[in-house]
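# Give me coordinates for this.
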Amino acid sequence: MRHQQIGQRFSVGYLMQILFMHNNFPGQYRRIMSYLKPKKSVQMYAATLETNKQDFGLRRVNYKPHREPTKDIHPSLISVERAVLMGQAAYKALMPSQKNGFRPDIILSHSGWGANMFMKDLFPDAKLLTYYEWYYYSVGSDGDFLMDQPYDPNGQIRIRMKNTPILQDLAAMDWGQSPTKFQHSKLPKTFQDRVSVLHDGVDTAFFMPDPAATATIGDKTFTADDEVITYVARGMETYRGFPQFMEGLAKLQKLRPNLHAVVLGNDRVAYGSEREDGRTYKEWALQDLGLDMSRVHMPGLQTLETFRNLMQVSSLHVYLTVPFVLSWSLMEAMSTGTLILGSDTEPVREMITDGENGLLVDFFDVEAQVEKVCHILDNKAEFEPLRQQARRTILDQYAKKDLLPKYWRLIKSVANGSHI
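Numbers count the residues shown, from 1 in each chain. Reported below is the predicted structural model:
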């Protein structure tokens, strides 16, 4: 659906008008959008990047920055100018709808990219409920976790300035939302009391165990009887421990002749830095590690159904991450009853207690990872209670059937001002 103006409210009966703003909508709003669609008292719209080709079934307004950040601008201001350009584009795209009488009751916006930066200027009466994924630090956080040396002064300045759009959002919001306690804890303390910790939930009826499941990857079909380890991430990169996983896999292949590994993800860097030698991390792994590629399956990103089926047959799912945004895939894997070997880092420890609902290992210790994988695969029955408890964790704390009604109550309370 192309750009279109949003019309006026219906005159009969009260409709809550919700405007979602997300560069790649629906993103984090997929579940709440689906939950609200049947409600006749709600009218939903979405503003998103023109390049977003997803069909999500809402009337939409497209925005597109008219240029890239200024060439040779101060490096610490690139992210700031990019956010301003994004906010300007969204403002301009929504102006015709505002002139046509559109007045959202509440705007749900994804912070950090700038699209919602000027929405309080365009819609001063609308409440703003902002979703915060990450606040940046140069010390004790995601970037320096991977570094041997601290950031130099220029790096420190650049990272601090990356928070500028987020700080604008924190100042303008009526209320905020963050999906996990760890991510919430990274926000400046002065704002934390006005940001709810609320995840958008896991579809536990879809992501559920099935001992009879099969998963077909290419020309190979796996069952729970096969020895399969899995790795899933948006990209193949250092932030999600791809190099450590692949180095461990090279060692495991020599020890376990029947072991297969399935790696879902694109050959790109979504977070962090690319390799200095110009190769991708996938190219590095295939060229340097001597892998038996008949037992390594890399089909790229797959459908949710394929991912779920793979988790249902997986002997062990390895999830490694620096201290950063937690992946939905970890929680969905837990919901299927998959046994998790996760990195002993803060976001993972929030979900997994070592020896109770999964296992933890040092992010950098490839030898320890290999040793644990071998022990787990040699003693599968011993770890069945951990699988069951992993699913129980999601059922008890993160099931969307429980969280989406809470989310809806939060939206209503912010929209009518009672939550502020």
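
# so where's this structure shaky on pLDDT?
1-13, 420 (pLDDT under 70).

# Any figure for the gap between the most centrally placed residue in it and residue 351?
Note on the chain: the residue nearest the mean C-alpha position is residue 327, at 4.8 Å, using C-alpha atoms, centre = their mean. The gap separating residue 327 from residue 351 is 10 Å, by C-beta to C-beta, to the nearest Å. To be clear about C-beta, it is placed using only N, CA and C from the backbone, and glycine gets the same treatment.

# Check the offset of stretch 379-395 from the chain's centre.
24 Å (C-alpha atoms, centre = their mean, to the nearest Å).

# thinking again about what came up before, pretty sure the residue nearest to the centre of the chain contacts residue 307?
No - using C-beta atoms under 8 Å, residue 327 is not in contact with residue 307, being 11.6 Å away.

# what sits in contact with each of these two?
residue 232 (C-beta atoms under 8 Å, 6 or more residues apart in numbering).

# Please save the CA atoms from the longest helix seen in the chain in CSV.
As assigned by DSSP state H, the longest helix anywhere in the chain is helix 78-99. The C-alpha coordinates for helix 78-99 follow below in CSV (Å, rounded to 0.1, in the frame of the first residue of the first chain):
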residue,chain,number,x,y,z
ILE,A,78,26.4,11.5,11.9
SER,A,79,23.8,9.5,13.9
VAL,A,80,22.3,12.8,15.2
GLU,A,81,21.8,14.3,11.8
ARG,A,82,20.5,11.0,10.4
ALA,A,83,17.9,11.0,13.1
VAL,A,84,16.9,14.6,12.5
LEU,A,85,16.6,13.8,8.7
MET,A,86,14.4,10.8,9.6
GLY,A,87,12.2,12.9,12.0
GLN,A,88,11.9,15.6,9.4
ALA,A,89,10.8,13.1,6.8
ALA,A,90,8.2,11.6,9.1
TYR,A,91,6.9,15.0,10.1
LYS,A,92,6.6,16.1,6.4
ALA,A,93,4.9,12.8,5.4
LEU,A,94,2.3,13.1,8.2
MET,A,95,1.5,16.8,7.7
PRO,A,96,-1.2,16.2,5.0
SER,A,97,-3.0,13.7,7.4
GLN,A,98,-2.8,16.2,10.2
LYS,A,99,-4.2,19.0,8.0
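
# Pull out the buried positions in it.
78-91, 93-94, 97 (16 or more other C-beta atoms under 10 Å).

# and the helix or strand following it, what does it pack onto?
The helix or strand immediately downstream of helix 78-99 is strand 106-110, counting by DSSP states H and E. The contact analysis (3 or more C-beta pairs under 8 Å, 6 or more residues apart in numbering; DSSP states H and E) places strand 106-110 against strand 16-21, strand 127-131, helix 400-415.

# Measure how the longest helix of the chain sits relative to strand 16-21, angle-wise.
150 degrees (axes from the mean of the first three to the mean of the last three C-alpha atoms, to 10 degrees).

# what helices or strands is helix 78-99 leaning on?
Against helix 78-99 (3+ C-beta pairs under 8 Å, 6+ apart) you get strand 42-49, strand 59-63, helix 119-122, helix 153-162, helix 164-172.

# Looking at these, which is nearest to residue 111?
Closest of those to residue 111 is helix 164-172, at 4.3 Å (criterion: C-beta to C-beta).

# And the next helix or strand past that closest one?
Taking DSSP H and E, what comes next after helix 164-172 is strand 175-178.

# in that next one, what's buried?
175-178.

# export the helices and strands packed on strand 106-110 to JSON lines and tack on mean neighbour count and distance to residue 241?
Shown next, in JSON lines, are the helices and strands packed on strand 106-110 (neighbours: other C-beta atoms under 10 Å; distance: least, C-beta to C-beta, whole Å):
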{"stretch": "strand 16-21", "mean neighbour count": "24", "distance to residue 241": "32"}
{"stretch": "strand 127-131", "mean neighbour count": "23", "distance to residue 241": "26"}
{"stretch": "helix 400-415", "mean neighbour count": "17", "distance to residue 241": "27"}
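
# okay if I get those as TSV plus distance to residue 299?
Formatted as TSV, the helices and strands packed on strand 106-110 follow (distance: least, C-beta to C-beta, whole Å):
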stretch	distance to residue 299
strand 16-21	31
strand 127-131	30
helix 400-415	27
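
# Identify whichever of these lies nearest to residue 185.
strand 127-131 (16.0 Å).

# now what about that closest one, what contacts it?
Counting by C-beta under 8 Å, 6+ apart, 28-29, 105-111, 116, 119-120, 169-170, 172-179, 410-411, 414-415, 417 sit against strand 127-131.

# okay, stretch 375-386 in PDB with CA atoms only?
Only the C-alpha atoms of stretch 375-386 are listed here, as PDB (Å, rounded to 0.1, in the frame of the first residue of the first chain):
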ATOM      1  CA  HIS A 375      28.700 -33.600  27.700                       C
ATOM      2  CA  ILE A 376      25.200 -32.600  26.800                       C
ATOM      3  CA  LEU A 377      25.000 -34.700  23.700                       C
ATOM      4  CA  ASP A 378      26.400 -37.700  25.500                       C
ATOM      5  CA  ASN A 379      23.800 -37.300  28.300                       C
ATOM      6  CA  LYS A 380      20.600 -36.000  26.700                       C
ATOM      7  CA  ALA A 381      18.300 -37.600  29.200                       C
ATOM      8  CA  GLU A 382      20.000 -35.800  32.100                       C
ATOM      9  CA  PHE A 383      19.000 -32.500  30.700                       C
ATOM     10  CA  GLU A 384      15.300 -33.200  29.900                       C
ATOM     11  CA  PRO A 385      14.200 -31.400  33.100                       C
ATOM     12  CA  LEU A 386      16.000 -28.200  31.900                       C
END
